[in-house]
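**Q** When you get a sec, could you give me coordinates for this:
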Amino acid sequence: MAEVVEFRVPTGSAQTLLVWGLEPELGLEHSLFSAFSKFGLLYSVRAHRNAAVAGPGYYAIIKFYSAGDASRAQHACNGQRLFQKSPLKVCVCTKQKGFQHQVLALNSNKCQELANHYLGFNGWSSRIITLQNVSGFGGENEELGKTLQKRSMKYLCAVEVTLPNHGVRTRGVALSEADIENGEDPLEFVTATRRVQKLAVGKALSSAFQKILLVVLENGKVAVEYNSTQEELTDSLTEEELKGLVQVSEFSLEQFDLEEEVVLSDLSVDDELPSREMPSN
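**A** Residues are numbered from 1 along each chain as shown. Below is the predicted model of the structure:
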């Protein structure tokens, strides 16, 4: 049976394994990652100390993107010693009734990792259509003719993701914002600009991936479908119209504030903007 994998934080019980009977050791999460990543791409590995009533030792929660990968890992690893002296117990987490998980978009780094895993590094490309400063420094930060020291910087970004082998092309538009405590400090201004630009590009890239569904077939091949439920008004615009988006009054900037998971590595100022083109042949 085919399985659909989305560019979202996995929340399904079928994608989550509970591992217990773990012995304390240095680098426990690394050992778990090495053992379970053989069965498929992992979203996260978290080890925790047992509650006092459960006795000494540790347990772990391991999240896969694919329920099929999680099931194979459970059957192969349950009752096995793997990297320790005593056998482990591994089960698929049971569904919690009445508990609603918040569905979050994957951050841009995770999106790229997932795309590389299923499509291959050369199976997709991205490019920035437009990256615009929409801060409005000239008006919104002035009071009684004086410019405030603290300024708000906003960037709007549009990104296109292309999957050439599947004939799929999607766009994402996102807004990023940050406050500048001292607008007169050139270094702080440049640092904040780079940070806000990088966040806007990352969020737009993540938004574009939300419109892609990966269909993993039983033979391991991957098909791609366009997720029309995530379609936005901006998808019907031409590139020139998209570049002039901020001049179109009927569009509210707040609608592009994508709700995604926050990962500290996304906030690095030193990295290049996360845009990539297909390598030339």
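**Q** Which stretches in the chain count as strands?
**A** 3-6, 16-22, 42-49, 58-64, 89-92, 125-133, 142-143, 146-147, 151-163, 168-180, 212-216, 222-226 (DSSP state E).
**Q** burial count for L82?
**A** By other CB atoms under 10 Å, the residues close to L82 number 16. In short, each C-beta sits where N, CA and C put it, glycine included.
**Q** so it makes contact with A35?
**A** Yes: at 4.9 Å, L82 and A35 qualify as touching, with contact defined as CB atoms under 8 Å.
**Q** Run through the stretch 1-150 of the chain and note the low-pLDDT ranges.
**A** Scanning the stretch 1-150 of the chain for pLDDT under 70 picks out 95-101, 136-150.
**Q** now with 90?
**A** For the stretch 1-150 of the chain, the stretches with pLDDT under 90 are 1, 11-12, 25, 51-56, 93-103, 134-150.
**Q** doesn't A208 make contact with T170?
**A** Yes: the criterion here is CB under 8 Å, and T170 meets it with A208 at 4.7 Å.
**Q** shared neighbours of those two, anything?
**A** E160, V161 (CB atoms under 8 Å, 6 or more residues apart in numbering).
**Q** okay, these two: which has more neighbours?
**A** Ranked by neighbour count (other CB under 10 Å), T170 and A208 place A208 first, with 26 against 21.
**Q** Can you check the pLDDT for the more buried one?
**A** At A208, the pLDDT value in this model is 96.
**Q** For it, which residues are in contact?
**A** Counted by CB under 8 Å, 6+ apart, A208 has contacts S126, V159, E160, V161, T170, R171, G172.
**Q** nearest to H30, of the strands of the chain?
**A** Of all these, strand 42-49 sits nearest to H30, with 8.5 Å by CB to CB.
**Q** since we're on G79, how many residues are nearby?
**A** G79, neighbours per other CB under 10 Å, totals 11.
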